[in-house]
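> with the sequence up front, the predicted model follows.
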Protein chains: 4
Amino acid sequence: TKLWGGRFEESVTPSVEKFSESVSFDKKLYKHDIQGSRAHASMLAEQGLITMEDKGKIIGGLDEIERRIESGEFAWRADREDVHMNIEAALIDLVGEPAKKLHTARSRNDQVVTDVRLWCREAIDRLLGKIVGLQAALVRLAVRYEDLIIPGYTHLQRAQPLLLPHLLLAYVEQLDRDAGRLSDCQARMNYCPLGSCALAGTGLPIDRFATARALGFTAPLRNSVDAVSDRDFLLEFLSANSIAAVHLSRLAEEWVLWASEEFGFLIPSDAVSTGSSIMPQKKNPDPMELVRGKSARVIGSLTTLLVLCKGLPQAYNRDLQEDKEPLFDSVDTVNAMLEVSTEFALNISFNMERIAKSLPAGHLDATTMADYCVYKGIPFRTSHDIVGKSVALALSKRCQLAELSLSELRSINPIFDEDVANYLGAENAIERFQSYGSTGKRLSCTKKYGFIKEAH
Amino acid sequence: TKLWGGRFEESVTPSVEKFSESVSFDKKLYKHDIQGSRAHASMLAEQGLITMEDKGKIIGGLDEIERRIESGEFAWRADREDVHMNIEAALIDLVGEPAKKLHTARSRNDQVVTDVRLWCREAIDRLLGKIVGLQAALVRLAVRYEDLIIPGYTHLQRAQPLLLPHLLLAYVEQLDRDAGRLSDCQARMNYCPLGSCALAGTGLPIDRFATARALGFTAPLRNSVDAVSDRDFLLEFLSANSIAAVHLSRLAEEWVLWASEEFGFLIPSDAVSTGSSIMPQKKNPDPMELVRGKSARVIGSLTTLLVLCKGLPQAYNRDLQEDKEPLFDSVDTVNAMLEVSTEFALNISFNMERIAKSLPAGHLDATTMADYCVYKGIPFRTSHDIVGKSVALALSKRCQLAELSLSELRSINPIFDEDVANYLGAENAIERFQSYGSTGKRLSCTKKYGFIKEAH
Amino acid sequence: TKLWGGRFEESVTPSVEKFSESVSFDKKLYKHDIQGSRAHASMLAEQGLITMEDKGKIIGGLDEIERRIESGEFAWRADREDVHMNIEAALIDLVGEPAKKLHTARSRNDQVVTDVRLWCREAIDRLLGKIVGLQAALVRLAVRYEDLIIPGYTHLQRAQPLLLPHLLLAYVEQLDRDAGRLSDCQARMNYCPLGSCALAGTGLPIDRFATARALGFTAPLRNSVDAVSDRDFLLEFLSANSIAAVHLSRLAEEWVLWASEEFGFLIPSDAVSTGSSIMPQKKNPDPMELVRGKSARVIGSLTTLLVLCKGLPQAYNRDLQEDKEPLFDSVDTVNAMLEVSTEFALNISFNMERIAKSLPAGHLDATTMADYCVYKGIPFRTSHDIVGKSVALALSKRCQLAELSLSELRSINPIFDEDVANYLGAENAIERFQSYGSTGKRLSCTKKYGFIKEAH
Amino acid sequence: TKLWGGRFEESVTPSVEKFSESVSFDKKLYKHDIQGSRAHASMLAEQGLITMEDKGKIIGGLDEIERRIESGEFAWRADREDVHMNIEAALIDLVGEPAKKLHTARSRNDQVVTDVRLWCREAIDRLLGKIVGLQAALVRLAVRYEDLIIPGYTHLQRAQPLLLPHLLLAYVEQLDRDAGRLSDCQARMNYCPLGSCALAGTGLPIDRFATARALGFTAPLRNSVDAVSDRDFLLEFLSANSIAAVHLSRLAEEWVLWASEEFGFLIPSDAVSTGSSIMPQKKNPDPMELVRGKSARVIGSLTTLLVLCKGLPQAYNRDLQEDKEPLFDSVDTVNAMLEVSTEFALNISFNMERIAKSLPAGHLDATTMADYCVYKGIPFRTSHDIVGKSVALALSKRCQLAELSLSELRSINPIFDEDVANYLGAENAIERFQSYGSTGKRLSCTKKYGFIKEAH
């Protein structure tokens, strides 16, 4: 019979029991549940609500239960509904009467949200570590291919030349903001709900500051109803995860493209590729396809949680039990995405020869040529038009801008002089970039090494 | 080493292997995978691509593997990636050379989508059965409370009286359309991809009509690229599930409201209620809260799949491996939601006394009073205004419309006569409804029994 | 003052009025609102609820209002809230007393959902026409490039050769199912809510079959509560649109890829390309990028509507007013996506020379080579391994499979003979495909012409 | 002809033009576009890239264009695509040659994202103001009903008594975190992309720190590719909006419930209610229903943007043009939701008499009775059981806990004494709460006045 069964005459049907139980997934919170119970028991003793002896027995029992869970001896029971009831009931089995005092001035409503906040705080630490790991791997690639010029794209059309490190560091920047969002979220959620009880607080003389302190929270939450009913910290966490997942998906999209026969920029090693059951020649960049694919479920989990919370009145509603699976899935998925992206980054090489050979295509130097005209005093809009005509001529002759003769260029506009040659070709173009944050050589190098230092 | 490992020199890293494996969830398809392999092997033999003897050994081996899986003896291996490779490799272990011929003119690309279609077809049958079950439970309630008048609401404000059966049958109608959507989806997806191989079909003389027939499909799909790359049937399935989940969530919302102290219409039995760990008096309608909450994840799964598919080029991309978990979760969840809603419906009673007592509140008869004015020849817009003023008067006197004296009514408009009394009060109002599909007594009864007959 | 103002003493604040009005977007329904009112007035007259003379005046007034709206003379007023009140109030201004009888046995609750169903029915007809248009354009392309062999991809890696028409017809198949979904949705929604009034029906002797017939509905809806509260037909419509949008987004993704310098398969004409404000050489396939991008809002609109409906109790709640903007946006967007995709398809050419030159890369003939081994009696699994080793050899020699000498092949396995040459090279490989639905030459042609006939 | 038309021979088709134009919605950015151009022109002049005279003409022209736009004289042209081209082309029309120099070292790619960041920065300031407004309105309500005890709910079942101010302040807390999220987002996005040009930066000697400073940004963004391709700041903004919308939707859900006949806690004034076209007695809390409903579109807009960004390779892709409509809609909607919620809060009154009368129902004092047992030395778990039995007894006698006689209580457990009376009844229960953050009287008052001071 349930610990809450006092007024009940009949037990729930098996299918309702199965539908309602959450222990199959919320047992993941066992460590934080026990951590919270330890702090709660100590506070109860300090406040004289239980004796020191009771406290000792409770904490001894909790230690034993933690040991049993970690060694696999603990028998989780679905009829005990959730992680909290499983542990409390086991504690009663183990140490008897004193255990019945543990739930004083506490409800599952504040207990679960305390557990979840503790879990999230740790999860964010883990994610932050993984983000730095991926940044470091990207920086390592950047160093390895310090001088590699690749085509930059907009609209998937060749646009301007880029140094590969410059592009890789764009991802490092994005990951930095992802880390910032997670840290902000962690700071904002690090307040303690414990002692809010069911929703109204309690009439017993507890010390919420003591438990908050013991559990490493910044302070207790200021309003008990708010504490038990809101899940905005999870919505924020899953939003931050979704944004990070979008970043990783974009990286994956780019690398899958680059690994294609047509681009041919990037060669994954066998260690991060898979084959086909029917086509013997295939070598697929599966991990990055899965990174791209798995970003979808991270977004799906956020949707689930937004839909879940929207439209519930205060305070706790059972719907909120459904907050945990999307949380766990989102965190596990982003963790694995970061890990595998890092591993992929460490197992690819760039086909420098092929990239170099392809650089002349796409008139990557056209904007630099327009800069040239600007230097010659032509308004940019007119320069754009002049270069547009030059490109049209080059296209009709199936040649590069650099291959147009000076007289051909002059036929378009007399502004052109011999020195235009210094502005043409991807190598020259790269040399020209000088603005802060541009792909210019010296700039990105300084930056890059800065990141390396930070990252290690 | 992998079955596709011919050109590979190195094996994948452990974390990539873990990230990529799908057997932990796609083993759910084992029965359909084996079913497909049986049909494929038979066809290969019919077409002379393998010998009858080989076919015999293959099918014997498949039978044995199925037995082992179902008895729990089968050892699923993550290093064998997915359900297909697990079964094929086990078959090779079991029957040797002939097993190596099974994958002739087949790829995992067409194999997996065949399995999934077979699985979905069955899943829809199960869901359709559950829908009928819930309809029957609602009809049973309707019969039990055949004459119970309740307030009808719009904007959660009391609007007009309703017969409870009329409202319950509204849900039956909605479930009917849910079933219609699932059936349409089932019919549209019941085409066979097998034999489309990787994406282009095959040069071997297979008979796709034979396998389609053997597996109960309407016909083979007409285009091999389409067959392996599209997942629109899953999007349609998950859309239909989401719409059904919205219906169930609305039913849940209504019943949770009705079970509140304030409404007090509905009393769930202890068998479908749960208590509180801190508040001894609580009895919560948790199953319906969870139905409402779980609808969120059904929507989340649809989002996942839409995001997943959007923007992939043809044909198979590894991202598509991620289609299965949202599918399984959506189906399992809607199944359980239907089941538990049915059980809840069978375990509630309506508080007839309390409902009757509350009926006078909210001027449920106001529209019927306006109908009365229309009968007297007043344009409806003017009637609306007259009744509006009558309501204002009743509000100021804190009484019901029926409690206004004739002279008070006539002070608003001389149209009123003694017979207005026959239009006032919820009982009279209910008697008046006569339009097709309205809450009128005889109408909903006929209808109701019709449904019962269909449902049993 | 509002038409519903009888019991109100104060009017709403300006910001609430602005927040609540819907006429700024629901005026789009004016034609269907008037159409519904005509049918309603005629029925009221037939049933003797209004005189024939009143009916004449009402219909005359409605005609005049429709004329004014279409000529731009009609003054929409936000203080009259919505399209219904705007038209009803204008009718009263225009024809006086008789107009006040129009709202007899009708509520805005059944009126709006009747309007929306009529609007959707028409919208689906329009979409179906646009789908056929795109199918025809794809078939036209297929005919134009009847013999063009392109690389087929899985995982964006070259897999097997495909005839371009075969790939284009895969999209035609998908669009066919999109049309099927829309048609099913149209049939399922084509039931008439009119006469369900607020939620309970009416006590006045109306004839719902007459109005249903007059408006071209299959029948009246059977349950008045269901009729006014459910929006499942919109959820189904927006799901179907979302699935179609995903198909178009995938087509767009493919064509954007193909238009890149690296693929170089597809050249959009200037008429469907745009340039860059800074890079004079750029020519971007913007329309297809936008098709891909706009699919996101179609999915967003579906999400909006699912979130909106989930968790509302029966019957009408004002939240439902928010159903129209996502509906309109979804329909307009998919319409434009279909239109522009069609226009794009009619304005591209394929770079046959470049495609032909690229065909040898990627070992597209590897599977055909494995088929060869199967013909020679080798089990497919072993064949796969043999070809895998051949590919590895070719890779190490940087040559094609067809360029390996017979002795080299025999060093891998003695099975190889002179005739293997007939299986190598993309041209030979294409010739080999013979299974139903495969990329084989004759097969796709027959099919293709079938579609052309249907499409014109 | 387009400003980018140099290499183009043909203009785009009308339907592509219509599909591609964005000026119909991005003209909303005109002020920030002009602001950015002013800063850019000044910097160009400082750097010697244009003359001071040219700068003067450009800025004069921009001033005139701004004036024309604001006076409604400006003719927006769809064939000029977007807000940027409209303004630049108009500037050329107005001041000639110098205007052609404005686009030097700038691309629409960095220009648009600069505009959007400026717009968002302002939008967040506005939203923060609106949040404080709603907090102040809630505090005012709290002060007005300082001592009002209401039932607190979990699972929509009566749980414990609450002071109304305590509940209202829970929303104030949530809005505080909403503001925190928006502020964090604003700080993180306040970096300047201008000068990143198309994607690679520029070879011209610009000063990005100068423009960043002039526009009030913290600093220039550090990586040009990152600057033009990422929209994570919008995803974060729309996430924060979605979370705020969920909070408002929950408030709305509660107030809609409370306005029902059954709860009867809350009476909206006529100024924030609407009536029914058919039911003359209706008075609906429409504004809050719409707040609840509109939260759906805020979530839908977030979904749109997540779907949009996911899976795009670097850098700018035209898909990103679709970022603006969901942004504008999300911001406008949340703004209006905040505004109308504030207005609603200022126009409601609580039905103190009715609430007081309903308080005895639901055994709100059961937990306080359990606290009593704990004070008497009974372990909480046992206390819970004792009170559960007392509730069962009260239920069977259809009375309150306070109405059970001492001997009845003692028959359950001898622990009970006369003084239990001081713990029973909602008034006594409220007096007992003393923990930090609980609903206890003195606590919430102090807190409350703190907020008032902050808010004014």
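Great, that's in hand.
> could you pull out the strands for the stretch 301-450 of chain A?
All strands of the stretch 301-450 of chain A, identified by DSSP state E, counting those that start in this stretch, fall at A:348-350.
> please list the residues of it that sit near chain C.
Neighbours of chain C within the stretch 301-450 of chain A, by C-beta under 8 Å from any C-beta of the partner chain: A:303, A:306-307, A:310-311, A:358, A:361-363, A:366-367, A:369-370, A:384-388, A:390-391. Where you see a C-beta, it was placed from the backbone N, CA and C, and this is true even at glycine.
> list the contacts for residue A:99?
By C-beta atoms under 8 Å, 6 or more residues apart in numbering or on different chains, the residues touching residue A:99 are A:57-58, A:61, A:88, A:91-92, D:381.
> that older thread, any quick ChimeraX command for the buried ones out of the residues of the stretch 301-450 of chain A next to chain C?
Buried residues within those, by 16 or more other C-beta atoms under 10 Å in any protein chain shown, are selected in ChimeraX with:
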select /A:303,306,307,310,311,358,362,363,366,367,369,370,384,385,386,387,388,390,391
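> so which of the residues of the stretch 301-450 of chain A next to chain C are in helices?
Those of these mapping onto helices are A:303, A:306-307, A:358, A:366-367, A:369-370, A:384-388, A:390-391, per DSSP state H.
> show me which of the residues you listed is closest to chain D.
Among those, residue A:388 lies closest to chain D (C-beta to the nearest C-beta), at 1.7 Å.
> give me the nearest residue to that closest one, chain neighbours excluded.
Residue nearest to residue A:388 in three dimensions, not counting chain neighbours: residue D:6, with 1.7 Å by C-beta to C-beta, 6 or more residues apart in numbering or on different chains.
> give the burial count for residue A:74, as a bare number.
Other residues lying near residue A:74 total 18 when counted by other C-beta atoms under 10 Å in any protein chain shown.
> point me to the helix or strand that includes the closest residue to it other than its chain neighbours.
Using C-beta to C-beta, 6+ apart and skipping residues adjacent in sequence, the residue nearest residue A:74 is residue A:68, 4.1 Å away. Following DSSP states H and E, one finds residue A:68 within helix A:52-71.
> dump that helix to PDB, restricted to CA.
Taking C-alpha atoms only, helix A:52-71 is exported to PDB below (Å, rounded to 0.1, in the frame of the first residue of the first chain):
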ATOM      1  CA  MET A  52      20.500  13.800  16.300                       C
ATOM      2  CA  GLU A  53      20.200  10.100  16.800                       C
ATOM      3  CA  ASP A  54      17.300   9.900  14.300                       C
ATOM      4  CA  LYS A  55      19.400  12.000  11.900                       C
ATOM      5  CA  GLY A  56      22.300   9.600  12.300                       C
ATOM      6  CA  LYS A  57      20.100   6.600  11.500                       C
ATOM      7  CA  ILE A  58      18.600   8.300   8.500                       C
ATOM      8  CA  ILE A  59      21.900   9.300   7.000                       C
ATOM      9  CA  GLY A  60      23.300   5.900   7.600                       C
ATOM     10  CA  GLY A  61      20.400   4.400   5.900                       C
ATOM     11  CA  LEU A  62      20.700   6.800   3.000                       C
ATOM     12  CA  ASP A  63      24.400   5.900   2.600                       C
ATOM     13  CA  GLU A  64      23.500   2.200   2.500                       C
ATOM     14  CA  ILE A  65      20.800   2.800  -0.100                       C
ATOM     15  CA  GLU A  66      23.100   4.800  -2.300                       C
ATOM     16  CA  ARG A  67      25.600   2.000  -2.000                       C
ATOM     17  CA  ARG A  68      23.000  -0.600  -3.000                       C
ATOM     18  CA  ILE A  69      21.800   1.400  -5.900                       C
ATOM     19  CA  GLU A  70      25.300   1.900  -7.300                       C
ATOM     20  CA  SER A  71      26.200  -1.800  -6.800                       C
END
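> span of stretch A:390-403 from start to end?
Terminal residues of stretch A:390-403 are spaced 11 Å apart (C-alpha to C-alpha, to the nearest Å).
> what's it in contact with?
Outside stretch A:390-403, the residues touching it (C-beta under 8 Å, 6+ apart) are A:360, A:363, A:365-366, A:369, A:404, A:408-409, A:412, A:421, A:424-425, C:280-281, D:6-7.
> pull out the buried members of the residues you listed.
Buried subset of the contacts of stretch A:390-403 (neighbour count, 16+ other C-beta under 10 Å): A:360, A:363, A:365-366, A:369, A:404, A:409, A:412, A:424-425, C:280-281, D:6-7.
> okay, those residues in CSV with distance to residue B:430 next?
Output for those, formatted as CSV (distance: C-beta to C-beta, whole Å):
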residue, distance to residue B:430
A:360, 84
A:363, 79
A:365, 83
A:366, 79
A:369, 83
A:404, 89
A:409, 90
A:412, 87
A:424, 87
A:425, 87
C:280, 77
C:281, 76
D:6, 77
D:7, 76
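> surely residue A:315 is in contact with residue A:109?
Yes: using C-beta atoms under 8 Å, residue A:315 is in contact with residue A:109, at 7.5 Å.
> what is in contact with these two at once?
By C-beta under 8 Å, 6+ apart, the residues touching both residue A:315 and residue A:109 are A:198-199, A:228, D:154.
> follow-up on the earlier one: of the contacts of residue A:99, the lowest pLDDT goes to which?
Across those, the smallest pLDDT goes to residue D:381, namely 91.
> please name the residues that touch that one.
A:3, A:92, A:99-101, A:103.
> what about chain A, any weak spots by pLDDT?
Scanning chain A for pLDDT under 70 picks out A:1, A:6, A:442-456.
> near chain D, which residues of the stretch 351-456 of chain A?
Applying C-beta under 8 Å from any C-beta, one finds that the stretch 351-456 of chain A approaches chain D through A:367-368, A:371, A:374-375, A:379-382, A:384-389, A:391-392, A:395, A:429, A:432-440, A:447.
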